[in-house]
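[1] predicted model and sequence below, questions to follow.
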Amino acid sequence: MRFGGGGRRARSAGPASPLVCRWDLDKTYLRSEFTTLRQLLRTALERPDQKVDVPGVAELIRALKAAAASRGQTALVYFVSASPPQIGKAIRAKLALDGVPYDGIVFKNQLEQLRRGKFRYLREHVGFKLVELLRGHLAVPAETRELCFGDDWESDSLIYSLYADVLAGRLAPASLTTILTRVRVDPLLVSQVIALATQVPRRDAVERIFINLDRRTPPATFRLFGPRVVPTFNYFQTAAVLAVMGRLRLEDVGRVGTVLVERSGYTARRLENSLDDLVRRGHLSLPAAERLAAPLRASGLLSPLPSPRSRWRRALGRLGRWRRPARPRTRSATEPGPLDYDAILARVHPGARHVAASGGTP
Amino acid sequence: MPTIAVDAMGGDHAPDEVVKGVAQVSLATDIECLLVGDERRIQENLEGVSYNPEHIAILHCRDAIGMGENPHEAMRRRDASLLVGTRAVAEGRADALVSAGNTGACILACAKHFPLIRGIRRAALASVYPRHVEYEGQDRFALLLDVGATVRCEAEELVHFAIMGAGYARRISKVTSPRVALLNMGSEETKGGETLVEAHRRLRALAGIHFVGNVEGNDLVRGRADVIVCEGLVGNIALKLIEGVSEVFIDLASVAAERRLSWRLGLRLLARGIERLRELTDYAQYGGSPILGFERLCIKCHGRSTAQAIANAVKVAAKAVRDRVPSEIAAAVAALG
């Protein structure tokens, strides 16, 4: 069963356009802990069966592939990780254990940085990820649509937004160079990014950027990135937005929710609250959320509707929500305006030197 | 997990501090919070802080009762957050209410929507306050009730307050046999007039209550009793006096530090002690005051409550629900016959 309210973006993609899902690994797929050196070492030495995935993520990836297949489309899943390739074997085994189908995985060659004596670039991933994303895009058909998945630990929202704006032709090479310099990207990688950016076909290919709020970063932090960036607190929220976009079927949302309930102790109320939160933050419209919730409620995954009096109060609240002027972030994600990268860098990289870095058309 | 309705629009710093407090609770516990108030304002505040949406629901309403409003007149405003929250608890959508709003309105709202426990004639506002600890492991807080839900009381009502306070202390402070005292103008049982003498007589005869007799004002902070019972008028004055003295002490220390170098040095030496006193008298540490006597529970927070105070109040409310404080009180009252 497909969700009835598919977004404009999904329809405009056309039935045959392949879908590419770009995933970060740590904190997005895996619950890796590396805030201390001990945790870092433990993560590096973990066996595949000791690695823990974020609840619902494996189900979501499988569902993205299955939903695309049911529409006669192809969904390709690529992982881009800043972890060293030495842990690749364990990661691949973990993905196999989880039954997650994927089409490619790239790791960051940290040894290369060590060999060059560029220690400060060991923890700088913007340049590395942008290069890999742009290379990846050059390898897929021009009409490909993309979804990006990251987390709130490092700079995923910035990396994916730059990537999306480069593909859409909203960032001139000069502006891009300024931004990358400001975040202290390895100059070698800056030139590679610029070279790749001039080669990629100009197309607004990135539909949404999902940020898993693993650190519980306040969602308001991401407003600067515009409506294309959707911060979510769990993969049920991500699945709900994807269903409304037409990228998942309704039963897929139910499956992700069921996994959270059965394996992670979620309750019907926690799922219901998650859905309400998406509506309040403007990532789901009220009618879309209601359409999504009705069958989930019927299946028992969400709580039954409250008493008639409470229902009346909820309706009143929602009426009030409709009457209020729309907040800027509720505007359509299909028409993102130019991002203010100066403001973004001031927030995301407060230590970065100030250089005028606003987006501009090439 | 219990669901706690929180009046998001009540208090001097509402909704900002209230929402922040609930956000803290959502990250640290599994308590379900139902924020009652203007959804748009609540959401704006929520998105600016770290929170876990899985534990937070919002019940929208447009109105709010001001801190200085006449409580009786405020009861007509059915769409005020306090009244909507109280109704949500009465209807079973939440298990307890937390509010930092208008105290009078809070008590009236509870009286309007929550049934009194069978056998209880009047509810009481109980306040947790810091006291001197006499022995290792003694709870550093005592319970004083009533501090404002009533003005004058009859002897029987004071007995009920003693039962309610003892029940609350047993469940929340985990004092197995809380010592109960009557606040009076002398320790002799004949002091204080007809009502207090009668209350003393009844309490002494009461089984199941560890009654230690009368205590005077200077015993309030000495730790002689875990639960001190009095009329609302007296309790309110006593509580405000304790708060006022500690605030003046801290203020005097700050002023002294600015005046002379020698005083500043002296205060520097006393800094740890002053900080200990500040911690001890900080209302944010103990959350709020329970309104006891109803079948449903309400924790009334200080009007100036910060996020930490709200968070602690929500935790206290959840603990009281889990430990079934109203049931404990009901059982104790039923045992009276």
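    Looks like it arrived, so ask away. Fair warning: this is a prediction, and the values are worked out from it, not measured in the lab.
[2] the closest residue to chain A within the stretch 201-337 of chain B: what's its closest spatial neighbour, skipping adjacent residues?
    For the stretch 201-337 of chain B, the residue closest to chain A is residue B:307, as judged by CB to the nearest CB, at 13.9 Å. Backbone N, C-alpha and C define where each C-beta goes, glycine included. Nearest residue to residue B:307 in three dimensions, chain neighbours excluded: residue B:20, at 3.6 Å (CB to CB, 6 or more residues apart in numbering or on different chains).
[3] tell me the contacts of that neighbour?
    With contact set as CB atoms under 8 Å, 6 or more residues apart in numbering or on different chains, residue B:20 has these partners: B:45, B:49, B:307, B:310.
[4] so how far is chain A from it?
    Distance of residue B:20 to chain A, given as CB to the nearest CB, to the nearest Å: 11 Å.
[5] what's the answer for residue B:68, then?
    Residue B:68 is 26 Å from chain A, by CB to the nearest CB.
[6] state the helix or strand in which that residue lies.
    Assigned by DSSP states H and E, residue B:68 falls within no helix or strand.
[7] what sits against residue A:278?
    So residue A:278 contacts A:232, A:237, A:240, A:241, A:284, A:289 (CB under 8 Å, 6+ apart).
[8] and which of those is nearest residue A:263?
    Nearest to residue A:263 among the contacts of residue A:278 is residue A:237, at 16.9 Å by CB to CB.
[9] wait, isn't that closest one in contact with residue A:273?
    No - look at residue A:237 against residue A:273 with CB atoms under 8 Å: they stay out of range, at 10.3 Å.
[10] and these two? Which one has more around it.
    Using other CB atoms under 10 Å in any protein chain shown as the criterion, residue A:237 and residue A:273 rank with residue A:237 on top: 28 against 23.
[11] how distant is the strand or helix carrying the more buried one from the center of its chain?
    Secondary structure assigned from DSSP H and E places residue A:237 in helix A:235-245. Centroid separation between helix A:235-245 and its chain, computed with CA atoms, centre = their mean, to the nearest Å, is 11 Å.
[12] list the beta-bridge partners for the residue of the stretch 51-200 of chain B found nearest chain A.
    With CB to the nearest CB as the measure, residue B:60 is the residue of the stretch 51-200 of chain B nearest to chain A, at 2.9 Å. Going by DSSP bridges, residue B:60 is paired in beta bridges with residue B:37.
[13] residue B:38 is in contact with that one, correct?
    Yes - using CB under 8 Å, residue B:60 is in contact with residue B:38, at 7.1 Å.
[14] who touches residue B:253 in this structure?
    Taking CB under 8 Å, 6+ apart as the test, what residue B:253 contacts is B:267, B:274.
[15] what's the nearest residue to residue B:23 if we skip its chain neighbours?
    residue B:51 (3.7 Å).
[16] before we move on, back to that, residue B:60 and residue B:38: who's more crowded?
    residue B:60 (25 against 22).
[17] need the pLDDT of that one.
    At residue B:60 the predicted local distance difference test score is 95.
[18] gap between it and residue A:239?
    The gap separating residue B:60 from residue A:239 is 26 Å, by CB to CB, to the nearest Å.
[19] and residue B:327, by the same measure?
    41 Å.
[20] which one's more surrounded, those two?
    Neighbour totals were compared for residue B:327 and residue A:239, and residue A:239 leads with 28 against 13 (other CB under 10 Å).
[21] correct me, but that one touches residue A:63?
    Yes - if you go by CB under 8 Å, residue A:239 and residue A:63 touch, sitting 7.1 Å apart.
[22] what residues are shared contacts of the two?
    Common neighbours of residue A:239 and residue A:63 (CB under 8 Å, 6+ apart) are A:248, A:252, A:256.
[23] residue contacts, the residue lying closest to the first one once chain neighbours are set aside?
    With CB to CB, 6+ apart as the criterion, residue A:248 has its nearest non-adjacent residue at 4.3 Å, and that residue is residue A:242. Contact analysis of residue A:242 by CB under 8 Å, 6+ apart lists A:60, A:64, A:147, A:208, A:248, A:252, A:253.
[24] please, which helix or strand holds residue 148?
    Unless you meant another one, I'm taking chain A. Secondary-structure assignment from DSSP H and E places residue A:148 in strand A:145-151.
[25] oops, wrong one, chain B.
    Under DSSP H and E, no helix or strand contains residue B:148.
[26] that one touches residue B:232, doesn't it?
    Yes - counting by CB under 8 Å, residue B:232 is a contact partner of residue B:148 at 5.0 Å.
[27] quick check: neighbours shared by those two?
    residue B:125.
[28] from the chain's centre, how far out does the host helix or strand of residue B:312 sit?
    Using DSSP H and E, residue B:312 sits in helix B:307-322. Between the centre of helix B:307-322 and the centre of its chain there are 10 Å (CA atoms, centre = their mean).
[29] residue B:201 contacts residue B:189, correct?
    Yes - under the criterion of CB under 8 Å, residue B:201 makes contact with residue B:189 at 7.4 Å.
[30] between these two, which has more neighbouring residues?
    In terms of neighbours (other CB under 10 Å), residue B:189 is the more surrounded of residue B:201 and residue B:189; the figures are 16 against 13.
[31] how near is the more buried one to residue B:336?
    21 Å.
[32] just residue B:124 next, same as before
    Distance of residue B:124 to residue B:336, given as CB to CB: 16 Å.
[33] so between those two, which is more surrounded?
    Legend: neighbour count by other CB under 10 Å for residue B:124 and residue B:336, higher for residue B:124 (32 against 14).
[34] quick check on the more buried one: phi, psi?
    Phi and psi for residue B:124, reported as degrees, to the nearest 10, are phi -130, psi 150.
[35] residue A:235 reaches residue A:56, doesn't it?
    Yes - counting by CB under 8 Å, residue A:235 touches residue A:56, with 3.3 Å between them.
[36] just the CA trace of the host helix or strand of residue A:273, in PDB.
    Residue A:273 belongs to helix A:268-280 when assigned by DSSP H and E. Below are the C-alpha coordinates for helix A:268-280, written out as PDB (Å, rounded to 0.1, in the frame of the first residue of the first chain):
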ATOM      1  CA  ALA A 268       2.500   3.400  21.300                       C
ATOM      2  CA  ARG A 269       2.500   6.700  23.100                       C
ATOM      3  CA  ARG A 270       6.200   7.400  22.300                       C
ATOM      4  CA  LEU A 271       5.500   6.800  18.700                       C
ATOM      5  CA  GLU A 272       2.400   9.000  18.800                       C
ATOM      6  CA  ASN A 273       4.400  11.800  20.500                       C
ATOM      7  CA  SER A 274       7.100  11.400  17.800                       C
ATOM      8  CA  LEU A 275       4.600  11.900  15.100                       C
ATOM      9  CA  ASP A 276       3.100  14.900  16.800                       C
ATOM     10  CA  ASP A 277       6.500  16.400  17.200                       C
ATOM     11  CA  LEU A 278       7.100  16.200  13.400                       C
ATOM     12  CA  VAL A 279       3.800  18.100  12.800                       C
ATOM     13  CA  ARG A 280       4.700  20.800  15.300                       C
END
